[in-house]
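K.L.:
Okay, predicted coordinates and the sequence, questions at the end:
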Amino acid sequence: MTRQKGVRPKIAGLAAVVLAASLGLPGCGGGAGARDGTFTVGHTEPDHLVPADTTSSYSFDVISELFDNLMTLDAGGRAVPLAAESVTSHDQRVWTIKVRPGQRFHNGEPVTAQSFADAWNNAAYGPSAMAANEYFSYIEGHEELNPEDENAEPEAKTLSGVEVPGQYTLKVTLSEPFSQFPMLLTYPAYAPMPKAGLKDLKAFDDHPIGNGPYRMDGNRERNKQIKLVAFSGYTGPRKPKNKGVTWKSYASADTAYTDLRAGRIDVLQTIPSAKVPEARRLLGDRFLTRRMGTIDYLGFPLWDKRFASADLRRAISMAIDRQGINRAVYNGDYVPADSLLPAIIEGHRPNACGELCTYNPAKARQLFAKAGGFSGTLELYFSNAQPTYAQWMRIVANSLRDDLGIKDVRFRQVPASDYFSMLRERGEKGPYRQNWEADYPSAQNYLENMWTSAVNRMGWTNQAFDALIAKANRTADQRQAIAFYNQAEDIAIREMPLIPLWTWAGQGGRSENVADVTITPYSTGLIATDVTVK
């Protein structure tokens, strides 16, 4: 039985896209900094705070401060030990993990190798119905915990690939070699769980007990706020430079931005695109820019024979004026795609996509004619999560009409709540907007999850591509692994089943109450521990 490795039912990046246009409830308070050494961040209400029961970047904001994973990302996006002393392997399949002794959960319970094993077994066990279950599919025994028949009893309750030979030692056997496993261990779902939390997950969701630099201050106040305070018993390297952080929930991005301007909150990680010019002018050096790893793509339903020609797909790519759309819709701040990978990912090659990602109407028409043109209605699919989606789709539609002569182009704007289920069920009948935000900064995370035959949404099959991804995954030498990922990328660029469009720009802001605000381009976002309160 072949399972879909590393592919989740919902995606952090996609969750962020759906919600970024609608950040929080209006409310009072915030900006407490100067009074008590804490600060306030505006963001969208998290769905869950059990680490393995969410794939939302808004949940990750809070979880990453409450928990220390075995590995974390340094400033350059490399995996380095956090709760672990070391993570090693001789063959990329069997991994030995040494947990750093002396760590405690916020309730005083010791953090041991068993704390991680118990959490992972609960996350991977099908009947637990954890949102991040598939992230554990790399580990041997995952299939036995997740029968294809959802009504069938699992053959086991624990992962056969997870062993605890010592109090602070984990032995993890993967189903096949995977050189990116240390990167995977940075993902929030791999956090440890205390025994008390596993006994009552519902209560734990309201009051998580972690092993990180902050602990909960009371229960979460749903649709209002989550208060964290520095944990005095923390022995790790991320000691807070402040006394605490309050994550304040918003349902409107504009309201959150208004509160930032008024000093009612201290940090906003994403300012609405329409407000960016004003924010840049009003905030001055408090306007915070950052590179990002989120890319928008245009995918094709290849089960529809009208899109079978790679020349047609190439023609459409070359008929898209990425730079013009960037100026018209995104204030010139986004980065037109020149690769399937964003620039922050190791393995990105400038101009890897070449002319196929360059606006060239004349060449596009030649390829379009070579493909035999297009007959019938061309439908463009996108969600209503952000107004910018409709704006750039209109520009694309005009190019397809003017440059390629496709006269009948129609929009299919789908409610955000239904959009991803439509894509999963292959309900689209034409090109559709897709995006990806990395779970961890690896070329594998993009290429395997978006293009391999077993899991891609386009219905694209290419054995050579799949073989190169598998070869890269088995390769311990990261430079050689990247060379294989790049070879696979070249195949996907030539075939163009999924057109890269642009990389997002990170644009946030801070109040005058705080300094040393760093927002990473990765899924964990704000480094709350580094923020200083004036």
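P.N.:
Arrived safely, thanks for sending.
K.L.:
Now that residue 169 has come up, it's in contact with residue 100, right?
P.N.:
No. Using C-beta atoms under 8 Å, residue 169 makes no contact with residue 100, being 11.6 Å away. All C-beta atoms are positioned from the backbone trio N, CA, C, and that covers glycine.
K.L.:
For the two, indicate the residue with more neighbours.
P.N.:
Neighbour tally, residue 169 and residue 100, criterion other C-beta atoms under 10 Å: the higher count belongs to residue 100, 18 against 15.
K.L.:
Surely the more buried one is in contact with residue 83?
P.N.:
Yes. Contact between residue 100 and residue 83 holds when scored by C-beta under 8 Å: they sit 6.0 Å apart.
K.L.:
Find residues that contact each of those two.
P.N.:
Both residue 100 and residue 83 are in contact with residue 236, where contact means C-beta atoms under 8 Å, 6 or more residues apart in numbering.
K.L.:
pLDDT below threshold where in the protein?
P.N.:
In the prediction, the chain carries residues with pLDDT under 70 at positions 1-34.
K.L.:
Which residue is the nearest non-sequential neighbour of residue 220?
P.N.:
With C-beta to C-beta, 6 or more residues apart in numbering as the measure, residue 226 is the residue that lies nearest to residue 220, at 4.6 Å, once sequence neighbours are left out.
K.L.:
Quickly note the distance from the one you found to residue 325.
P.N.:
Here the criterion is C-beta to C-beta, to the nearest Å. By it, residue 226 lies 37 Å from residue 325.
K.L.:
Mind checking which of the two has more residues around it?
P.N.:
Per other C-beta under 10 Å, whichever of residue 226 and residue 325 has more neighbours is residue 226, with 27 against 24.
K.L.:
The more buried one looks like it's in a strand, true?
P.N.:
Yes. Applying DSSP: H, G, I helix; E, B strand; the rest coil, one finds residue 226 inside a strand.
K.L.:
Now do the strands in the stretch 151-300 of the chain.
P.N.:
Listed in chain order, the strands found in the stretch 151-300 of the chain under DSSP state E, counting those that start in this stretch are 162-166, 169-173, 214-216, 225-230, 244-249, 267-268, 287-299.
K.L.:
Report all helices and strands that the fifth one contacts.
P.N.:
To tie it back to what came earlier, the one meant is strand 244-249. The contact analysis (3 or more C-beta pairs under 8 Å, 6 or more residues apart in numbering; DSSP states H and E) places strand 244-249 against strand 38-43, helix 57-66, strand 225-230.
K.L.:
Return the set of residues that bridge with the closest residue to residue 431 other than its chain neighbours.
P.N.:
Excluding its sequence neighbours, the residue lying closest to residue 431 (C-beta to C-beta, 6+ apart) is residue 298, at 5.2 Å. The bridge-partner assignment for residue 298, based on DSSP bridges, gives residue 433, residue 499.
K.L.:
And the strands in the stretch 1-150 of the chain, which stretches?
P.N.:
Counting by DSSP E, counting those that start in this stretch, the stretch 1-150 of the chain has strands at residues 38-43, 71-73, 79-81, 84-89, 94-99.
K.L.:
still on that earlier bit, dump the helices and strands packed on strand 244-249 to JSON lines, plus distance to residue 483.
P.N.:
Shown next, in JSON lines, are those (distance: least, C-beta to C-beta, whole Å):
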{"stretch": "strand 38-43", "distance to residue 483": "39"}
{"stretch": "helix 57-66", "distance to residue 483": "31"}
{"stretch": "strand 225-230", "distance to residue 483": "43"}
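K.L.:
can you tell which of the ones you listed is closest to residue 377?
P.N.:
Each of these was scored for nearness to residue 377 using C-beta to C-beta, and the closest is helix 57-66 (35.5 Å).
K.L.:
Now do the closest one against strand 287-299: the angle between them, please.
P.N.:
Orientation check (axes from the mean of the first three to the mean of the last three C-alpha atoms, to 10 degrees): helix 57-66 against strand 287-299 gives 130 degrees.
K.L.:
Quickly note the distance from the closest residue to residue 168 other than its chain neighbours to residue 68.
P.N.:
Across the structure, with C-beta to C-beta, 6+ apart as the measure, the residue nearest residue 168 apart from its sequence neighbours is residue 99 (4.3 Å). Using C-beta to C-beta, we find residue 99 at a distance of 10 Å from residue 68.
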